[in-house]
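Q: Whatever this is, show me its structure:
(2 chains)
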Amino acid sequence: MFVVYSVKGTVSVIENKVETKAKIGTILNANSSIKVGAGSFATLLCNETKMFSLNKAGNYTTAGLADSCKTNNSSVSANYMKYIWSELTKSKGTPEKNRKNYMANVGAVGRGDINNVWVDPRLDSVNYVSGTIPLSWKAYTEAEEFDFKLYDDSKTKVLLAKAVKKKHVDISELLKLIQTGKIYYWSATVKGEPENQDRKYLHYVTKDNYVSFYNSIKQHDAAETEAEMNFRLGFVLEENHYIAEAFNHYMKATQLDPTNSLYRFTFMSFKKDFEIK
Amino acid sequence: MALHHHIARHTKRYVSHVTKYLYERDTFFATIAVFVFLILLGMIPLNFYVLNPMKLALKDFDFNDIAYAKAHKNENIKIDRRIVIVNTGHLDRAELGFLIETVNAYKPKVIGLDIYFDGKREPEKDSILREAFRKTKNLVGVSVADTLDHHITIRKNNFDSVITKRGYANLIGEDIGTIRYYAPFDEVDGKKYPQITSAIVKEYDHAAYERLEKRHKEVESINYTRAVNNEDKKKYQVVEPDVLYNDGIDSNILKDKIVLLGYLNLENEFDIEDKKFTPMNHKFYGKQHPDMFGIVVQANIISMVLDGNYIKKMPKWSAWAVAILIGWIHMSLFIRYYLESHIWFHLVAKLAQLFSVIFFAYVGIFVFDKFEVKLDMKYTLYVIALAVDVIYFYEAFVGWLHRKYKYQTIFGHHHNPLEHATHHTNDNHKHETTTHEPTTHEPTTHEHH
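A: Sure thing, here's the model as predicted:
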């Protein structure tokens, strides 16, 4: 049994082909359906226990909503043990040693749309040539699902909209949709929250453009070993938002001189920052 | 050898670690010493934790809070349909008057108004509100109880003449502390005066009210079962005034129900006006936001009283009895390692303390969840924590008794020379405080090895 807990906008209940305005407390039986208008929402209560919201316009039959009645049946004992285990195995750290784990806050007052997704400023702009890197984000809430969207250069036309459970989408998954030389934007939003208006820049750079840029930075007057050159190129490429290419050069520098702790540390930090597995 | 023999042999061996010294005189006395130490600590009239952040953070801590915060107690409880909360927001007095009349048109059995009106405002608005009060015979209003020199007085109010049924809304809790208790009744001018929830229950279900009265409890623990928050977890029906004005509610929702009028703001979780800390807070220690609006706390009390779902408390003597029993068993285990495997003593003691805390906290949460009985395990946990330190003190004390009065003790010869040497190198500071040296190898006591 479903009971209407709250409604906003145009929501109606259809029973025996008769449509009536949905009111708080309206009971939906097995033959009823609920119609949610554009920009409206209804919150339903299932079996007086489980609550869920319908915020997309459409017709919903009660039979189709049965899945939403599922409750978490794990016992208090099981939940307690899970909590103890998660606390016992939680990694330790301090802000001094791993500051990024402790920076999940805005640090300023917000004026505008509130969204619970945070993208590392280094991923604000990405120049992509080949290979793959993840477009990643972090969430301020314990969200299980996110809406990822890819836009064209106007920032309005959606080229791809997909629900993801991970906090990243690999560029390789977008290759069928993007063309070299063009600019795109992307965003991530916690599922069910208002759309994140913060669009991030993605430039699919042509090989020619990249090669000419690469050659310009490769030239260097001072003598340097191959490992040093790769490390320097990795650094410059990262500064210029060629993330996938920077990754390759950092990795090469580490392989050429595995004893160099600076190379190793930079490479590990780079992987961690950009969520590269 | 058969597997079951093997298991039995090892089980017996490990059980013997606990039981070997269980009936020793020193085990009893060391356990008693823990309690003497605990009582002495409790008798110190000064707050030594004034600069101790751990202690300050845990001051408002109750292990049973984990049941709500992390073990999701009552997560699947049904919405309480007997109670509907109407959000008054920031309506002025005239608007509130209209709202009361609108609500009353739905024929609820009782209306509880969780708003106190201090002083006079615009006369026309006051008169609209006064008229609404006068017409609404089933309304229970709020009084404010002031405590002065241990006497409670009810603050005078200019709506006193038109609100005939009243109760104080005060709850019991420290300033910015968790609200765990309330007083169902208190004495005002020699007469019994109800808390607002008691006054509401009296109008709604007289039998439940009589049961509450017969308990004769000055203070009741609040059994929180339902929260209303902005995460789709609303265990009471909440209605906004405009829904009522626009006929957006089925009339059966309010008819013959308890309607509570009070302030809520589910849009902004950082709005803390009339928001309290409760055991249902997701964060059960340290700095946190208050989690429940006052009106929802009152609703939880009403649900508890109507259902007779009171929290039962373990008697104090049984809490002490459990602490003595568990403390005694732990002391026996600790003494066994202290005397026979000193090198492992601290590791075993720390592990035993850790697992005991986890286990006994679980026992408390399990019993609270299944039977609504609050076990007071804090003495048990204190005893386990103190036992290790007390052993050192006790050993020094019996060493002195031995030298002075030839007191026989198992602590007289607990180190063999090899272990003694190891002990010296690893644990010097402890040795300084103990008195093994003169008694180290004197055959004054019973043999245990």
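Q: Excluding chain neighbours, give the residue nearest to the residue in the stretch 301-449 of chain B positioned nearest to chain A in space.
A: Here the stretch 301-449 of chain B gets closest to chain A at one residue, B:D369, 4.4 Å apart by CB to the nearest CB. Every C-beta, even on glycine, is put in place using the N, C-alpha and C of the backbone. Spatially, and ignoring its direct neighbours in sequence, B:D369 is nearest to A:V76 (4.4 Å; CB to CB, 6 or more residues apart in numbering or on different chains).
Q: In contact with the closest residue to chain B within the stretch 151-277 of chain A, which residues?
A: Closest residue of the stretch 151-277 of chain A to chain B, CB to the nearest CB: A:G192 (9.6 Å). Applying CB atoms under 8 Å, 6 or more residues apart in numbering or on different chains to A:G192 gives the contacts A:S53, A:N55.
Q: confidence score at A:G112?
A: Per-residue confidence (pLDDT) for A:G112: 59.
Q: Ok, B:K313 next?
A: pLDDT, B:K313: 86.
Q: and what of the one 5 residues further on?
A: B:S318 is assigned a pLDDT of 89 by the prediction.
Q: separation between the residue of the stretch 301-449 of chain B closest to chain A and A:N79?
A: B:D369 sits at a distance of 10 Å from A:N79 (criterion: CB to CB, to the nearest Å).
Q: Quickly list what's touching both of these two.
A: Contacts common to B:D369 and A:N79, judged by CB under 8 Å, 6+ apart, are B:A71.
Q: Residue numbers of chain B in contact with chain A?
A: When proximity is defined by CB under 8 Å from any CB of the partner chain, chain B lies next to chain A at B:66-67, B:70-73, B:75-79, B:81, B:232-234, B:237-239, B:243, B:247-250, B:252-253, B:358, B:362, B:365-366, B:369.
Q: can we see that at 7 Å?
A: Listed as neighbours of chain A in chain B under the rule CB under 7 Å from any CB of the partner chain: B:66-67, B:70-73, B:75-76, B:78-79, B:232-234, B:237, B:239, B:243, B:248-250, B:252-253, B:358, B:362, B:365-366, B:369.
Q: isn't there a strand covering B:V140?
A: Yes - counting by DSSP: H, G, I helix; E, B strand; the rest coil, B:V140 is found in a strand.
Q: Now do the same contact list for it.
A: B:V140 sits next to B:V110, B:I111, B:G112, B:L113, B:K165, B:R166, B:G167, B:I196, B:A199, B:I200, B:E203 when contact means CB atoms under 7 Å, 6 or more residues apart in numbering or on different chains.
Q: Tell me how far it lies from B:R226.
A: Relative to B:R226, and taking CB to CB, B:V140 is found at 20 Å.
Q: before we move on, back to that, closest one to chain A out of the contacts of B:V140, please.
A: Distances from chain A to the contacts of B:V140, taken by CB to the nearest CB, are shortest for B:I111, at 17.6 Å.
Q: Could you confirm that closest one falls within a helix?
A: No - assessed with three-state DSSP, B:I111 is strand; it does not lie in a helix.
Q: correct me, but it touches B:K137?
A: No - here B:I111 lies out of contact with B:K137, judged by CB atoms under 7 Å, at a distance of 9.8 Å.
Q: in the stretch 101-250 of chain A, what spans have low per-residue confidence?
A: Applying pLDDT under 70 to the stretch 101-250 of chain A flags the ranges A:104, A:106, A:110-114.
Q: Let's see that with 80 instead.
A: Across the stretch 101-250 of chain A, the ranges flagged by pLDDT under 80 are A:101-116, A:140-144, A:156, A:192-195, A:220-221.
Q: Based on its surroundings, how many neighbours for the spatially closest residue to B:F411 that is not a sequence neighbour?
A: The spatially closest residue to B:F411, leaving aside those adjacent along the chain, is B:E395, at 4.7 Å (CB to CB, 6+ apart). B:E395: 26 surrounding residues under other CB atoms under 10 Å in any protein chain shown.
Q: hang on, isn't B:E395 packed against B:T409?
A: No - if you go by CB under 7 Å, B:E395 and B:T409 don't touch, sitting 8.3 Å apart.
Q: Over to B:Y193: give its phi and psi.
A: In terms of degrees, to the nearest 10, the main-chain angles of B:Y193 are phi -120, psi 130.
Q: residues touching the closest residue to chain A within the stretch 101-250 of chain B, list them.
A: Chain A sits closest to B:D250 of the stretch 101-250 of chain B, with a gap of 3.2 Å, by CB to the nearest CB. B:D250 sits next to A:K23, A:I24, A:G25, A:T26 when contact means CB under 7 Å, 6+ apart.
Q: could those be laid out in TSV, adding secondary structure?
A: What follows is these, written out as TSV (three-state DSSP):
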residue	secondary structure
A:K23	coil
A:I24	strand
A:G25	coil
A:T26	coil
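Q: May I ask which two of the residues you listed are separated the most?
A: Farthest-apart pair in the contacts of B:D250 is A:I24 and A:T26; separation 7.3 Å (CB to CB).
Q: Find the residues that touch each one of these two.
A: Joint contacts of A:I24 and A:T26 (CB under 7 Å, 6+ apart) are A:V4, B:D250.
Q: re the thing from before, name the SS class of the residue of the stretch 151-277 of chain A closest to chain B, please.
A: Three-state assignment for A:G192 (three-state DSSP): coil.
Q: For the helix or strand hosting B:H10, which outside residues touch it?
A: B:H10 is located in helix B:3-19, with elements delineated by DSSP states H and E. With contacts defined as CB under 7 Å, 6+ apart, helix B:3-19 is touched by B:I329, B:S332, B:L333, B:R336.
Q: excluding its backbone neighbours, what's nearest the most centrally placed residue in chain B?
A: Nearest to the mean C-alpha position of chain B, counting by CA atoms, centre = their mean, stands B:D62 at 4.4 Å. Leaving aside its chain neighbours, B:D62 sits nearest to B:P279 (6.6 Å; criterion: CB to CB, 6+ apart).
Q: which residues of chain A fall in helices?
A: Assigned by DSSP state H, the helices in chain A fall at A:76-88, A:207-218, A:226-239, A:243-256, A:261-273.
Q: Go through the fourth one and flag the buried ones.
A: So that's helix A:243-256. By neighbour count on 16 or more other CB atoms under 10 Å in any protein chain shown, the buried set for helix A:243-256 is A:243-254, A:256.
Q: ok, and of these, which contact chain B?
A: For chain B, no contacts are drawn from the buried residues of helix A:243-256 by CB under 7 Å from any CB.
Q: Among these, which one sits closest to B:V144?
A: For those, the residue nearest B:V144 by CB to CB is A:I243; the value is 62.5 Å.
Q: For chain A, which residue gets nearest to chain B?
A: Counting by CB to the nearest CB, chain A gets nearest to chain B through A:G25 (3.2 Å).
Q: I figured that residue hits B:G248, correct?
A: No - when contacts are counted by CB under 7 Å, A:G25 is not listed as touching B:G248 (9.6 Å).
Q: which one is the residue in the stretch 251-400 of chain B that chain A sits nearest to nearest to, not counting chain neighbours?
A: Closest approach between the stretch 251-400 of chain B and chain A, counting by CB to the nearest CB: B:I253, at 3.8 Å. What sits nearest to B:I253 in space, not counting adjacent residues and going by CB to CB, 6+ apart, is A:G25, at 3.8 Å.
Q: How about B:I301?
A: Leaving aside its sequence neighbours, B:I301 sits nearest to B:T197 (CB to CB, 6+ apart; 4.3 Å).
Q: per-residue pLDDT, that neighbour?
A: Listed pLDDT for B:T197 reads 96.
Q: Excluding residues flanking it in the chain, which one is nearest A:A143?
A: A:V190 (4.2 Å).
Q: show me what contacts that neighbour?
A: The neighbours of A:V190, taking CB under 7 Å, 6+ apart as the test, are A:N116, A:V117, A:A139, A:T141, A:A143, A:F146.
Q: are any of those buried, and which?
A: Taking 16+ other CB under 10 Å as the criterion, what is buried in those is A:N116, A:V117, A:A139, A:A143, A:F146.
Q: Sitting in strands, which of those residues do you find?
A: Within the buried ones among the contacts of A:V190, residues falling in strands by DSSP state E are A:V117, A:A139, A:F146.
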